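Participant: The sequence and its predicted three-dimensional model are supplied below.
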Amino acid sequence: MVSGFNLLFNQTATLMKFLKSIHKKTKRKYFAWGAAAAAYQTEGAVDTDGKGPSIWDVFTHRKGKIKNNENGDTATDFYRNYKEDIRLLHSINLNAFRFSLSWPRIMPEGRGAINEKGLDYYEKVIDFCLERGIEPWVTLYHWDLPQALEDKGGWTNRDITGWFADYVDVCTRRFGKKVKNWIVLNEPMTFTGLGYYTGYHAPGRKGLRNFLPAAHHAALCQAEGGRIIRNNVKKAHTGTTFSLSHVKPLKKSELHTKAAQRIDAIVNRLFIEPALGMGYPYDAIPLLKRIEKYFKPGDEKKLKFDFDFYGVQYYFRLVSRFSLIPPLIFASEVPPEKRDAVVNAMGFEVYPKGLYKVLNKVWEYEGVKKIVVTECGVCYEDKLDNGTVHDPERTEYIKQSIDYTLKAIEKGVNIEGFFVWSLTDNFEWSEGYSPRFGLVYTDYPSLDRYIKDSGLWLRGFLKER
Ligand code: GCO
């Protein structure tokens, strides 16, 4: 006979078991293992199906701007090869694909008329991912500003806050039901610094008078983009990305330490801190206050947005020293070759431990709830050898970077994804096609793809997990 007590006991035990299983399931959080890419670097098809020109289409056709005068006219022809690439990603056992939408493919003039064919194309890419159980992670802006907007001042024109808001609104309304992971900007420091201060990237403008307004408008768009996504997309997972470097002073002296703090302020803090409501890092660089010339009433508040995740993109550390130029920061980098450091094909120091350091640094900010490693990778001049590519250095780099990420997680940093840059070799901006970052080799003459040894290693690693 079952006593009342036993019955109650059994029922409670069953309930406990049930609750525990739910707890276990929800505790086993989704982790995005992905590869990342960007529209201009891969799509090609620069004037197909109604796409308008971007600043990169124009810049790459100016003589002498890009190594070997190469351009992204064809790139990897992802526009036509997207199915093959997504299949490859799937075959590597990755579960997430980060790619960007080309603003001028969707709005050829940057504002006003919408190109339905452009939207249809991205819908096909998104659907193809979803059918294979791959989560699309969509970047709204990965540097290919419509040229028509650059003709009106581009990022230096305050009106860009409105143009960008309209573009984000169009994309999120159209894809919000299918896409949950959204990234507003890719590396604002890089596209404003190289595009509007040094002129090394498109649109090739220079000086503080271009850089400061561009930076402020990008910071405003970063937050506003976040608000629009949250407003338009149910259950959105909203983030934005930053290129971050571990900065180490050459010597421990006060002069060099302060120089390192200024580099850190520009490279690492300039965009993340306004989003967190901390404003621009005037403490390290008082001259930065000149940015306020471009403020309108209420801007301090508008810069803030509580992102669901912060995207960390790490490539190298910087060893810095005091120097008289450039004037704003009075600090410069000690180049890796002067330190006998091991470098990759772009001359960046190979230092995967820096990822661990930047992850911990970002986690120290009170408002950061979650981090995703949205890019991590290394470039070499790989060679195709009878259908195979032996790239042991890349395998080692990715392995160590994953180890450092897992180590940070163990330490308590909340990280929910790791994206390798990049899925396939592609157009590396001003460096053209010679630095290869892919897990998959692109044979540019034939556009055939071959999974490199590093891709095969990752496939095995993810299968085990
Ligand atoms: C960037 C971009 C990528 C690059 C990658 C390698 O950060 O520059 O996100 O487009 O290709 O970083 O340099």
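Facilitator: Cool, the structure landed. Numbers count the residues shown, from 1 in each chain.

Participant: Tell me who's in contact with Leu328.
Facilitator: Residues in contact with Leu328 (C-beta atoms under 8 Å, 6 or more residues apart in numbering) are 208, 266, 285, 287-288. (C-beta placed from N, C-alpha, C; glycine too.)

Participant: Rebuild those as a markdown table, extending it with neighbour count and secondary structure.
Facilitator: A markdown table is the format used below for the contacts of Leu328 (neighbours: other C-beta atoms under 10 Å; DSSP: H, G, I helix; E, B strand; the rest coil):
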| residue | neighbour count | secondary structure |
| --- | --- | --- |
| Leu208 | 17 | helix |
| Ile266 | 21 | helix |
| Ile285 | 21 | coil |
| Leu287 | 13 | helix |
| Leu288 | 22 | helix |
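
Participant: Next one: Glu364 relative to Gly311, how far apart?
Facilitator: In this structure, Glu364 and Gly311 are 17 Å apart, going by C-beta to C-beta, to the nearest Å.

Participant: So between the two, which is more surrounded?
Facilitator: Per other C-beta atoms under 10 Å, whichever of Glu364 and Gly311 has more neighbours is Gly311, with 28 against 8.

Participant: wait, what's in contact with the more buried one?
Facilitator: Contacts of Gly311 (C-beta under 8 Å, 6+ apart): 183, 239-242, 371-375.

Participant: same question, Asn426
Facilitator: Residues in contact with Asn426 (C-beta under 8 Å, 6+ apart) are 37-38, 41-42, 75-76, 433, 437-438, 442.

Participant: What residues does the stretch 101-250 of the chain have near the ligand?
Facilitator: Residues of the stretch 101-250 of the chain lying near the ligand by C-beta under 6 Å from any ligand atom: 186-187, 190, 243.

Participant: Let's see which of those residues end up in helices.
Facilitator: Thr190 (DSSP state H).

Participant: Reformat the residues of the stretch 101-250 of the chain next to the ligand as CSV; add pLDDT and neighbour count.
Facilitator: Shown next, in CSV, are those (pLDDT from 0 to 100; neighbours: other C-beta atoms under 10 Å):
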residue, pLDDT, neighbour count
Asn186, 99, 24
Glu187, 98, 23
Thr190, 98, 19
Ser243, 98, 22
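
Participant: The closest residue to Asn414 other than its chain neighbours: how many residues sit nearby?
Facilitator: Computed as C-beta to C-beta, 6 or more residues apart in numbering, the closest residue to Asn414 that is not its neighbour in sequence is Lys370, at 4.9 Å. Neighbour count for Lys370, taken as other C-beta under 10 Å: 16.

Participant: show me what contacts Lys370?
Facilitator: Contacts of Lys370 (C-beta under 8 Å, 6+ apart): 308-310, 414-416.

Participant: Mind checking which of these are buried?
Facilitator: With burial judged by 16 or more other C-beta atoms under 10 Å, the buried subset of the contacts of Lys370 is 308-310, 415-416.

Participant: which one of the contacts of Leu328 is nearest the ligand?
Facilitator: Ile266 (15.8 Å; C-beta to the nearest ligand atom).

Participant: So the closest one is in contact with Ile285, correct?
Facilitator: Yes - if you go by C-beta atoms under 8 Å, Ile266 and Ile285 touch, sitting 7.1 Å apart.

Participant: Can you work out which residues contact both of these two?
Facilitator: Between them, Ile266 and Ile285 share the contacting residues 328-329, judged by C-beta under 8 Å, 6+ apart.

Participant: Dihedrals phi and psi, the residue in the stretch 1-150 of the chain that the ligand sits nearest to?
Facilitator: Residue of the stretch 1-150 of the chain nearest the ligand, by C-beta to the nearest ligand atom: Ala38 (5.0 Å). Reported as degrees, to the nearest 10, the phi and psi values for Ala38 are phi -140, psi 150.

Participant: and it, how many neighbours does it have?
Facilitator: For Ala38, the neighbour count with other C-beta under 10 Å is 27.

Participant: cool, Glu366 as well?
Facilitator: Neighbour count for Glu366, taken as other C-beta under 10 Å: 8.

Participant: Can you name the next helix or strand after the lowest-mean-pLDDT helix or strand in the chain?
Facilitator: Of the helices and strands making up the chain, the lowest-confidence element is helix 4-27, at a mean of 42, by mean pLDDT, DSSP states H and E. With elements assigned by DSSP states H and E, the helix or strand that comes after helix 4-27 is strand 32-36.

Participant: mind listing what that next one pairs with, with the direction of each?
Facilitator: With DSSP bridges as the test, strand 32-36 is paired with strand 96-100 (parallel), strand 415-421 (parallel).

Participant: What segments of this structure are strands?
Facilitator: With DSSP state E as the criterion, the chain has strands at 32-36, 96-100, 135-141, 181-185, 237-249, 309-322, 331-333, 371-376, 415-421, 440-443, 448-451.
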